[in-house]
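**Student:** pasting the structure only:
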DNA sequence: TTGTACGCGTTATCAT
DNA sequence: ATGATAACGCGTACAA
């Protein structure tokens, strides 16, 4: 007995056809007689035949692997992206390989080139912020590797892009703050060079402008998307006089840092200061108070990206390329505390 | 010009030797003349030759992929494990593929078998709790796939295992609580069937026994290693009369849940109740107060596991198989509040 | 120590 | 619609 060792030759012989015909069945060729196809499929089932992926990879010059390329500071985002891709390739012969890169390394492009040459991936999904690198996109084309970028704005044509509406979502979130009565709102923005940082800042300013509000430049502080930078930014903002009554942080991890800064100053959240984050990763619901935040639909986006790569248009639905980030209201927002100066004017 | 398309034949021709000799260089055979080897290596560099991994995989019946198999409820642990494996295979031709499984599915074993048959992984790293499944280990042997388990006890021989000393580490952690004056200590243990849950509970009981302390069974509550279960367990423990003055939670995520439960009851941490977690994942330092916890050295363990698989004994050092979990003291532990009943007796 | 001939399992070319 | 034959690039008996 040969456990799952049947080859294409065995199938061809048993079905009384040539290898090539069996190959056509494997590759879903249309140039084949339906009866022949049915017969071969029966034989394949009987023999428990599994096409050898290594042999196919050699012949096709392309492996059955989807790569996730990232240089993302947020752990949960990376994991959610993996989750989405895995959903897309479940029950297919594809597997997921993960590949972190160093955005700032001068060898980054060469590293990825070598990686692509060696593993010959079927396709690659780029996470922010590395998704903004056009050289990488060119490299993929040149290496004959499919790719899709995930980002907060359309950086590429729809076949190579899934994007979210960060700007509008932040507009809504900050609008929520304003509707609660806040007017002195601080911003912890993401690092320079991140498109998402720019988009979210734009949404923030849009909301302020729409309400006729202005804030001093000193109420905008830049972070790195990491917890520690949120802590530092929070300290800067909270020692500002007059103190902001609310702070929008461009991601949850930094928002958690702002929360720490508030706690360390003896400030209550949300009574003394309201906080809104972005991502709705695991940490958002697990800190106290539960964080009001914007949910970035990473999982769905990653799933869509992978489906675009493996060409499963049916499952990809209407080939959606834009996704909606939505405000999740939890416990970290309340109306601003009464302002002595303001009470008098009322 | 042929961009990186040199084959083993090109190298052989240019070096004036046969394919086989070049192959020996690639595979580090010792049966080769040093001069010949040097000459061939020069030619390989000149031609920018890269062995084709797909062809090697076909011939060797084994791909250059290390798999991470997990059914782990903790996101940060999974990511840290990936990090460790990636460190080990950096600058090699190996890549990392991730594969979540459903421990409870009746098809789990067949799924993995199909996965292994298809991708022909070089090796597999098992994370807890799936690492405890002996059928999986047998499957690997049968499929000619290397494997190493990561766990909280030696479940296999050293060649297939990297383990941590959870029991001792928890013994130390709970001892820290006792040294602070706590005697009524609650436990949120992990799910039944998890070896780590049993090890950590044993350490907990060891510490109590060593101090001559006993607690009612009702102060031990089982969780799922998820945040929500920690919340529920925390509620149960904190409504217990008399209330425990400290709670050891078998992982950080559940500890965060306990913290929520305390907050919701208006209890202060650590003034009213002390909390210790386990893992030292990202969340531990990011919640308030910063969580005193036991650091589980996932990254190092995963790196060691991967090194064992790719057989880099030199880098694996002395083939370490046991790792030390250590107590990280932060802000969630303080002496217990004064107990009225106790004050009288003093 | 090195080389020859063949196998690994599939796809591509170009017929018919 | 189907088939014979040659790639794809490398590893391994076995011989020399």
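**Tutor:** Structure's in. What do you need? Quick caveat: nothing in here was measured; it's all calculated off a predicted structure.
**Student:** which element follows the helix or strand in which residue A:99 is found toward the C-terminus?
**Tutor:** Element membership for residue A:99, per DSSP states H and E: strand A:95-100. The helix or strand immediately downstream of strand A:95-100 is helix A:108-119, counting by DSSP H and E.
**Student:** the strand holding residue A:99 and chain B in contact?
**Tutor:** Yes: on the criterion CB under 8 Å from any CB of the partner chain, strand A:95-100 is in touch with chain B at A:95-100. For glycine as for every other residue, the C-beta is placed from the backbone atoms N, C-alpha and C.
**Student:** out of those residues, grab the one that's most surrounded.
**Tutor:** Neighbour counts for the residues of strand A:95-100 next to chain B, by other CB atoms under 10 Å in any protein chain shown, peak at residue A:95, which reaches 25 neighbours.
**Student:** excluding its backbone neighbours, what's nearest it?
**Tutor:** residue B:97 (4.7 Å; CB to CB, 6 or more residues apart in numbering or on different chains).
**Student:** need the pLDDT of the one you found.
**Tutor:** Residue B:97 is assigned 98 on the pLDDT scale.
**Student:** tell me who's in contact with it.
**Tutor:** Contacts for residue B:97 (CB atoms under 8 Å, 6 or more residues apart in numbering or on different chains) come out as A:65, A:95-98, B:65-68, B:119, B:121.
**Student:** also residue A:63?
**Tutor:** Residues near residue A:63 by CB under 8 Å, 6+ apart: A:53, A:57, A:119-122, B:54.
**Student:** widest-spaced pair of the residues of strand A:95-100 next to chain B?
**Tutor:** The most widely separated members of these, counting by CB to CB, are A:95 and A:100 (17.4 Å).
**Student:** residues near the nearest residue to residue A:244 once chain neighbours are set aside, how many?
**Tutor:** The shortest distance from residue A:244 to any non-neighbouring residue, by CB to CB, 6+ apart, is to residue A:186 (3.9 Å). By other CB under 10 Å, 27 other residues sit near residue A:186.
**Student:** and residue A:186, bridged to which residues?
**Tutor:** Counting by DSSP bridges, residue A:186 forms beta bridges with residue A:247.
**Student:** what's the spacing between the spatially most central residue of chain A and DNA strand C?
**Tutor:** Centroid check for chain A by CA atoms, centre = their mean gives residue A:298 as the closest residue, at 4.2 Å. Distance, residue A:298 to DNA strand C, by CB to the nearest atom of the strand, to the nearest Å: 33 Å.
**Student:** tell me how far that residue lies from chain B.
**Tutor:** According to CB to the nearest CB, to the nearest Å, residue A:298 and chain B sit 13 Å apart.
**Student:** ranges for the strands of the stretch 51-200 of chain A?
**Tutor:** A:65-70, A:95-100, A:123-126, A:146-151, A:161-164, A:185-189 (DSSP state E, counting those that start in this stretch).
**Student:** closest to DNA strand D out of those?
**Tutor:** strand A:65-70 (17.3 Å; CB to the nearest atom of the strand).
**Student:** where does chain A dip in pLDDT?
**Tutor:** Across chain A, the ranges flagged by pLDDT under 70 are A:1-4, A:312-319, A:339-346.
**Student:** which residues of it lie near DNA strand D?
**Tutor:** Residues of chain A lying near DNA strand D by CB under 7 Å from any atom of the strand: A:16-21, A:24, A:30-33, A:35-37, A:55, A:58-59, A:61.
**Student:** hmm, try it at 6 Å
**Tutor:** Applying CB under 6 Å from any atom of the strand, we find that chain A lies next to DNA strand D at A:17-21, A:31-33, A:36, A:58-59.
**Student:** I'd say residue A:331 and residue A:290 touch.
**Tutor:** Yes: applying CB atoms under 8 Å, one finds residue A:331 in contact with residue A:290, separated by 4.6 Å.
**Student:** who touches both of those two?
**Tutor:** In terms of CB under 8 Å, 6+ apart, residue A:331 and residue A:290 are not both contacted by any residue.
**Student:** quick check: residue A:324 vs residue A:297, distance?
**Tutor:** Look at residue A:324 and residue A:297: by CB to CB, to the nearest Å, they are 7 Å apart.
**Student:** which neighbours do the two share?
**Tutor:** With CB under 8 Å, 6+ apart as the test, residue A:324 and residue A:297 both reach residue A:164.
**Student:** between those two, which one's more packed in?
**Tutor:** Taking other CB under 10 Å, residue A:324 and residue A:297 do not tie; residue A:297 has more neighbours (18 against 12).
**Student:** return the residues of the stretch 1-150 of chain A in contact with DNA strand C.
**Tutor:** So far as CB under 6 Å from any atom of the strand goes, the stretch 1-150 of chain A lies against DNA strand C at A:7-9, A:19-20, A:23, A:26-27, A:51-52, A:55-56, A:58-60.
**Student:** same thing but 7 Å
**Tutor:** Residues of the stretch 1-150 of chain A lying near DNA strand C (CB under 7 Å from any atom of the strand): A:5, A:7-9, A:19-20, A:22-23, A:26-27, A:49-52, A:55-56, A:58-60.
**Student:** measure residue A:113 to residue B:97 for me?
**Tutor:** Distance from residue A:113 to residue B:97, by CB to CB: 20 Å.
**Student:** an error on my part: the question was meant for residue A:331.
**Tutor:** Residue A:331 is 39 Å from residue B:97, where distance means CB to CB.
**Student:** and what of residue A:278?
**Tutor:** From residue A:278 to residue B:97 the distance is 30 Å (CB to CB).
**Student:** chain A - how does it break down into domains?
**Tutor:** With domains defined by automatic domain parsing, chain A comprises A:8-51, A:166-295+A:329-345.
**Student:** residue A:201 is in contact with residue A:187, isn't it?
**Tutor:** Yes: under the criterion of CB under 8 Å, residue A:201 makes contact with residue A:187 at 6.6 Å.
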